[in-house]
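S.K.: Need coordinates for the below:
(2 chains)
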Amino acid sequence: MTKIDSKIPEGKLAEKWTNYKNHQKLVNPSNKRRLDIIVVGTGLAGASAAASLGEMGFKVLNFCIQDSPRRAHSIAAQGGINAAKNYTNDGDSVYRLFYDTIKGGDYRSRESNVYRLAEVSNAIIDQCVAQGVPFARDYGGSLDNRSFGGAQVSRTFYAKGQTGQQLLLGAYSALSRQINKGTVELYTRYEMMDLVIIDGRARGIIVRNLVTGKLERFAAHAVVIGTGGYSNSYFLSTNAMSCNVSAPIQCYKKGAYFANPAYVQIHPTCIPVHGDKQSKLTLMSESLRNDGRIWVPKKLEDAKAIQAGKLKPTDIPDEDRDFYLERRYPAFGNLVPRDVASRAAKERCDAGFGVNETGLAVFLDFKYAIERLGAEAVEARYGNLFQMYEEITDQNPYKTPMMIFPAIHYTMGGIWVDYELMTSIPGLFAIGECNFSDHGANRLGASALMQGLADGYFVLPYTIQNYLSDQISVPRFSTDLPEFETAEKSVYDMMKKLMNVKGKRTVDSIHKEFGLILWECVGMGRTKKGLEQAIVRIDEIRKEFWSNVFIPGELDDMNPELEKAIRVANFIDMGQLMAYDALNREESCGGHFREEYQTEEGEAKRDDKDFMYVSCWNYQGEDKKPELLKEELVYEETEVKTRNYKV
Amino acid sequence: MDKNISFTLKVWRQRGPKAKGEFKEYPMKDISGGTSFLEMLDILNEELVGKGEEPIVFDHDCREGICGMCSLYVNGHPHGPEGGVTTCQLFMRKFKDGETITVEPWRSAGFPVIRDLMVDRTAYDTIMQAGGYVSVNTGAPQDANATPISKEIADEAMDSASCIGCGACVAACKNGSAMLFVSAKVSQLAILPQGQVERVRRAKAMVAKMDELGFGNCTNTRACEAECPKNITISNIARLNREFISAKCKD
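M.R.: Got it, this is the predicted structure:
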């Protein structure tokens, strides 16, 4: 069996990163100019990496799927970014941020990576402020903080409800500066189709120019993917429409392990689904849980009356409201981590207490905050979110409680990487949401922005040099090499096959059907039976897709339906991987909840004896089950406990 | 509950940048008021694909009003007649039963049409590359709290920084001017202490690039401000003018 080497440096936890940096190999400035790096993606991870690598003197080729790097979906992150600054003097430290993240991840993440993440978190805030990111400040001129789920300190920095936007624009500005200097070449409206491997190392990519529809080849000494997560496998998620998993799946098929695909995050505060024509779900920031109280009616008859439209939520007196998070988790209340809050909502709705016409919603009520703070203060904090809610639902959250329900939001699983963020393919790196490394089985709020920027600004620019140091004498590759030829031909053949199906169903209709299977069987509550069924049904849907999809237009021209079809083909492969992993993991942890494995109180029941490992799936070919490899998780300096948010 | 409405959609179809475009009409039936404008276009596209036709091409991504990717000139207004929202946040309940809804791409020399309703906005990136940044390398800058910034300044900078780069200001302007976009970035960095060192160079470089790319001049009609989905004010333009004149005076 293949041995997994995560290359964790020697030494005590707190010294590992310093030791690594002191002893890693470097590339001298004159040699950097001779080395090319491809970075796919311009979100927080991709843009910050491309900019930093460009500043260091490497030649960077940066690709994005949208018309501008600034559109990447990191821009939609609302709430904030964590750092261990302890500006609020409430006892925060690097260790506490590390500990909360490990615990929040349900002891399924790699200790050394998480510690490093907490360590570099403070430098991220310094870097962003220096770029001119307008974080919120208090009247004394210092940076302001707010609280987020899963922590008992205020460590979240924010810029109104648009933190992701401001951080991304910071990274985008750094990237723009490098493009102007000529160190980074930018390619917009390009989508990665395949990875090119020469002599066992990642040396280039095949991309599709989305405007001309033509395939193009690019070579480099190393390839970095920062292409985000796979939430859109479910069709409905909070991700942007173009978010997809094609690049990671292609890398997986070329030998990169896919780690922990079953770990997906279901965000508790999204606007409930309405109708069957909906294209995506909208997230309401987790920060709302700071001041909003979540409840459903205590009495079943009240819930039924609300569902039937006979009672209004404001008709229910306080004593008949069940603030179930406060009831179940007194210590954290409405600020329990996302997975716990989502499952608790599902539990109430499954029991019949849901509050909209479908019974799939709970209330998030600001009445109490308005009584306590005044409507003005509430507006100052959440005004833009309330406005957004009203635009979408036509209801005024100042007067009636919001309705929310969990939705797929983020994926903790991703391409397996070692401590250096390198995948199991030498020369291929994965950063940001696209890798698996830091969040374990569940991500805490405001940690995605932290991880994306940590990887791009402060980790990859160091670790990639350790790989490139012995590549300085390798000349630039020609894209006429047979490896490029073969890769391009296989992509072209795949597209031709899709175009030639000429079936009867649209891409979206198949994607929706497939998404529902995932939501039912590989969603919030999973069972052995459901997962086994899912594997069969996914196979059927794959057959249906490849024999009955219809794509209008031409293959080598702009063709949005073909773009979607290619993505759906990869989503189907992804879904199957998720089902395999969820079936294999016979325990409940974080975002992965197997109904067979729960405590009497309905809490997740981990099995540390048998499952304290990272599942790494190794591709074996079409129609073959992938091989499962295990990276054992060793906690040297953390006491592994049952996650408890009650006391 | 939202009612269903029926209406006629009049959409601009254009094969490529040089091709001749034309309006095509599509009858739409029983669309729920809770459907977003882009979901309504999805419904139409599903119908078109079902009939073997090519769908209408339009830019869109986050569908929550923040990425700036969606555009569309709806009934004579960028992002539609509703104020303060992007097209993806526009809902069909804002339209009337029986109405004819006209949908066009951004029309401006700075943003050539790629296909149908999709336009090329790379000019915005090019302007940003000319100077829309603080020149600080990744590394170890001073502590984030070392320079206090008053809440008023931070909030004002945040208001300017809220620009999503969608291009509605250019589309709304009879001169096709990009002044609101440029001034928002210049203002954000001119207000903050971090932007001071390059303040003069930035204003000149970004304005020069904007002029070079064929955007028009500002004649204070305030159409940009009225149509901006993020309510960016023209006080930013006033600031840009001051920044630019004082920069030129230093030459």
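S.K.: Every contact and neighbour count from this point should use C-alpha atoms.
M.R.: Noted.
S.K.: what residues does the stretch 151-251 of chain B put near chain A?
M.R.: B:151, B:154-155, B:157-158, B:161-162, B:188-189, B:192, B:194-195 (CA under 8 Å from any CA of the partner chain).
S.K.: By neighbour count, which of those residues wins?
M.R.: Highest neighbour count within those, by other CA atoms under 10 Å in any protein chain shown: residue B:189, with 28 neighbours.
S.K.: Can you lay out the residues of the stretch 151-251 of chain B next to chain A as a markdown table showing distance to residue A:536 and pLDDT?
M.R.: Output for these, formatted as a markdown table (distance: CA to CA, whole Å; pLDDT from 0 to 100):
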| residue | distance to residue A:536 | pLDDT |
| --- | --- | --- |
| B:151 | 58 | 96 |
| B:154 | 55 | 97 |
| B:155 | 54 | 96 |
| B:157 | 54 | 98 |
| B:158 | 51 | 97 |
| B:161 | 49 | 98 |
| B:162 | 47 | 97 |
| B:188 | 55 | 98 |
| B:189 | 56 | 98 |
| B:192 | 58 | 98 |
| B:194 | 58 | 97 |
| B:195 | 58 | 97 |
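S.K.: Just name the closest of those to residue B:125, please.
M.R.: residue B:161 (15.2 Å; CA to CA).
S.K.: Can you list the buried residues in the lengthiest helix in chain A?
M.R.: Ranked by residue count, the top helix of chain A under DSSP state H comes out as helix A:560-584. Using 16 or more other CA atoms under 10 Å in any protein chain shown as the test for burial, helix A:560-584 gives A:560-583.
S.K.: Against which helices or strands is whichever helix or strand comes after that helix packed?
M.R.: Going down the chain from helix A:560-584, the next helix or strand is helix A:608-611, by DSSP states H and E. If contacts are counted by 3 or more CA pairs under 8 Å, 6 or more residues apart in numbering or on different chains; DSSP states H and E, helix A:608-611 sits against no helix or strand.
S.K.: which regions of chain B lie under the pLDDT threshold?
M.R.: Low-confidence segments of chain B (pLDDT under 70): B:1.
S.K.: ok, which stretches of it are strands?
M.R.: B:4-13, B:22-32, B:73-74, B:77-78, B:100-104, B:113-115, B:118-119 (DSSP state E).
S.K.: Now do whatever residue of the stretch 151-300 of chain A ends up closest to chain B against residue B:79, distance only.
M.R.: Closest residue of the stretch 151-300 of chain A to chain B, CA to the nearest CA: residue A:240 (4.0 Å). The gap separating residue A:240 from residue B:79 is 18 Å, by CA to CA, to the nearest Å.
S.K.: out of those two, which sits in the more crowded spot?
M.R.: Higher neighbour count among residue A:240 and residue B:79: residue B:79, with 29 against 25, using other CA under 10 Å.
S.K.: Hmm, that one is touching residue B:86, no?
M.R.: Yes - counting by CA atoms under 8 Å, residue B:79 touches residue B:86, with 5.1 Å between them.
S.K.: Need the overlap of contacts for those two.
M.R.: Common contacts of residue B:79 and residue B:86 (CA atoms under 8 Å, 6 or more residues apart in numbering or on different chains): B:71, B:229.
S.K.: excluding its backbone neighbours, what's nearest the residue nearest the centre of chain B?
M.R.: Residue closest to the mean C-alpha point of chain B, counted by CA atoms, centre = their mean, is residue B:166 at 2.2 Å. Nearest in space to residue B:166, with sequence neighbours left out and distances taken as CA to CA, 6 or more residues apart in numbering or on different chains, is residue B:68 at 4.4 Å.
S.K.: and chain A, what are its domains?
M.R.: Chain A is divided into the following domains under automatic domain parsing: A:268-406, A:482-618.
S.K.: Tabulate those in JSON lines, adding columns for mean pLDDT.
M.R.: Listed next are the domains of chain A as JSON lines, based on pLDDT from 0 to 100:
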{"stretch": "domain A:268-406", "mean pLDDT": "93"}
{"stretch": "domain A:482-618", "mean pLDDT": "97"}
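S.K.: can you tell me which residues contact residue A:514?
M.R.: Counting by CA under 8 Å, 6+ apart, residue A:514 makes contact with A:234-235, A:538, A:541, A:572.
S.K.: So which of these reach chain B?
M.R.: Answer for the contacts of residue A:514 near chain B: none qualify (CA under 8 Å from any CA).
S.K.: Around chain B, pick out the residues from the stretch 351-500 of chain A.
M.R.: Counting by CA under 8 Å from any CA, the stretch 351-500 of chain A sits next to chain B at A:391-393, A:457-458.
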